[in-house]
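In: Make a model of this:
(one chain, ligands or ions: 1)
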Amino acid sequence: MPAPLNKFKAAIANGDRQIGLWLGMANAYAAELCAGAGFDWVVVDGEHAPNTLPVMAAQLQAIGDKTHPVVRAPIGETWIIKQLLDIGAQTVLVPMVETAEQAQQLVRAMNYPPKGVRGVGAAMARASAFNRIPDYLTTANEQVCLLVQLESRAAMANLEAIAAVEGVDGVFIGPSDLAADMGFLGKPGAPEVQAMVEDGLARIIKAGKPAGILTADNALAQRYLDLGASFVAVGTDVTLFSQATSALAAKFKSVPAPAKGASGY
Ligand SMILES: O=C(O)C(=O)C[C@H](O)[C@@H](O)CO
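Out: Model (predicted):
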């Protein structure tokens with residue numbers, strides 16, 4: 001029996017749109033709830049959410065096969081990628097990638113020898129169903145999916161070289177960090193940033209790689225899809241929950257309470 005088929009990898013390679021949701025609650029119960037919403041993929045965010053390895057593993061267990069879990073590594077280092085793969089992440093998003101050399105190192109981290117340097121410990125791990133997938137070691141490389149996140153002017157300058165790296169399965173633009181690097185901290189919607197984002201998406205597609213991005217702005221998400229981005233995260237659980245709770249509180253707190261005498265008190 002081989003490693004489980006990575007349907008997300010197959011879908012983006014085929015040019016099929018994948019609509020995603022970012023998970024920043026760092027909680028298995030919330031992840032399970034969101035996983036059932038109907039998104040094609042979710043991101044368990046190890047970079048900016050308060051996640052530890054056991055907390056991410058619990059989220060992967062809760063998500064199960066309800067949707068495809070992408071795990072964002074906190075940093076693109078071989079040791080953490082090995083641990084993320086062992087807990088069962090098949091698709092890993094790596095932030096702050098700036099050069100082709102870095103991308104090559106990440107490809108090596110994602111793959112068992114001879115293609116890469118992934119350490120062999122999956123027999124003890126969730127990835128191989130605790131060694132109940134007999135052909136895991138010989139088939140795992142085919143099912144891992146590496147997404148690199150470009151989010152600086154240096155990364156954008158090296159975009160074609162990064163996209164050309166064999167084993168990079170998708171290229172994702174991080175608008176918030178790109179905006180910060182361009183001098184527009186907190187303003188990813190600035191026209192200068194958007195021009196670079198749109199140019200980046202076009203160049204990724206021209207390079208023959210699937211392009212991805214995150215935005216909580218619905219109109220912008222549709223624009224990116226129309227421009228050909230294939231894996232687009234259209235919101236975050238934290239923002240949805242924060243906005244909905246604030247709106248509900250404001251709705252009832254803004255209605256003046258009746259005068260105390262009128263209600264019988
Ligand atoms: O640069 C970006 O944009 C990202 O990396 C995404 C952010 O981390 C954030 O928007 C996730 O909530």
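In: For the residue in the chain that the ligand sits nearest to, which residues are in contact?
Out: Distances between the chain and the ligand by C-beta to the nearest ligand atom are smallest at residue 174, namely 2.7 Å. The way it works is simple: take the backbone N, C-alpha and C, and place the C-beta from them, glycine included. Residues near residue 174 by C-beta atoms under 8 Å, 6 or more residues apart in numbering: 95, 149, 150, 151, 214.
In: Out of those residues, list just those in strands.
Out: Among those, the members found in strands (DSSP state E) are 149, 150, 214.
In: Bridged to the first one, which residues?
Out: Going back to what we said before, that points to residue 149. Residue 149 has these beta-bridge partners by DSSP bridges: residue 172.
In: isn't it right up against residue 172?
Out: Yes - the criterion here is C-beta atoms under 8 Å, and residue 149 meets it with residue 172 at 4.7 Å.
In: Quick check: neighbours shared by those two?
Out: In terms of C-beta under 8 Å, 6+ apart, residue 149 and residue 172 are both contacted by the residues residue 93.
In: Helices along the stretch 151-265 of the chain, start to end?
Out: Using DSSP state H, counting those that start in this stretch, the helices of the stretch 151-265 of the chain run over residues 153-157, 159-163, 175-181, 191-206, 218-226, 237-253.
In: CA atoms of the longest one as CSV?
Out: These are the backbone C-alpha positions of helix 237-253, laid out as CSV (Å, rounded to 0.1, in the frame of the first residue of the first chain):
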residue,chain,number,x,y,z
ASP,A,237,-10.8,31.7,11.0
VAL,A,238,-9.6,34.3,13.4
THR,A,239,-10.9,37.2,11.3
LEU,A,240,-14.2,35.5,10.7
PHE,A,241,-14.7,34.8,14.4
SER,A,242,-13.5,38.2,15.5
GLN,A,243,-15.7,40.1,13.0
ALA,A,244,-18.8,38.0,13.7
THR,A,245,-18.5,38.3,17.5
SER,A,246,-17.8,42.0,17.4
ALA,A,247,-20.8,42.6,15.1
LEU,A,248,-23.1,40.6,17.3
ALA,A,249,-22.0,42.4,20.4
ALA,A,250,-22.3,45.8,18.7
LYS,A,251,-25.8,45.0,17.4
PHE,A,252,-27.3,44.4,20.8
LYS,A,253,-25.1,46.7,22.8
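In: Mind giving me the packing neighbours of that helix?
Out: Where contact means 3 or more C-beta pairs under 8 Å, 6 or more residues apart in numbering; DSSP states H and E, helix 237-253 is packed against strand 18-23.
In: Remind me what the strand it packs on packs against, helices and strands.
Out: On a contact count with 3+ C-beta pairs under 8 Å, 6+ apart, strand 18-23 meets helix 7-13, helix 28-35, strand 41-45, strand 231-236, helix 237-253.
In: For the stretch 51-200 of the chain, what lies in contact range of the ligand?
Out: Contact residues, the stretch 51-200 of the chain versus the ligand (C-beta under 6 Å from any ligand atom): 95, 151, 174, 175, 176, 177.
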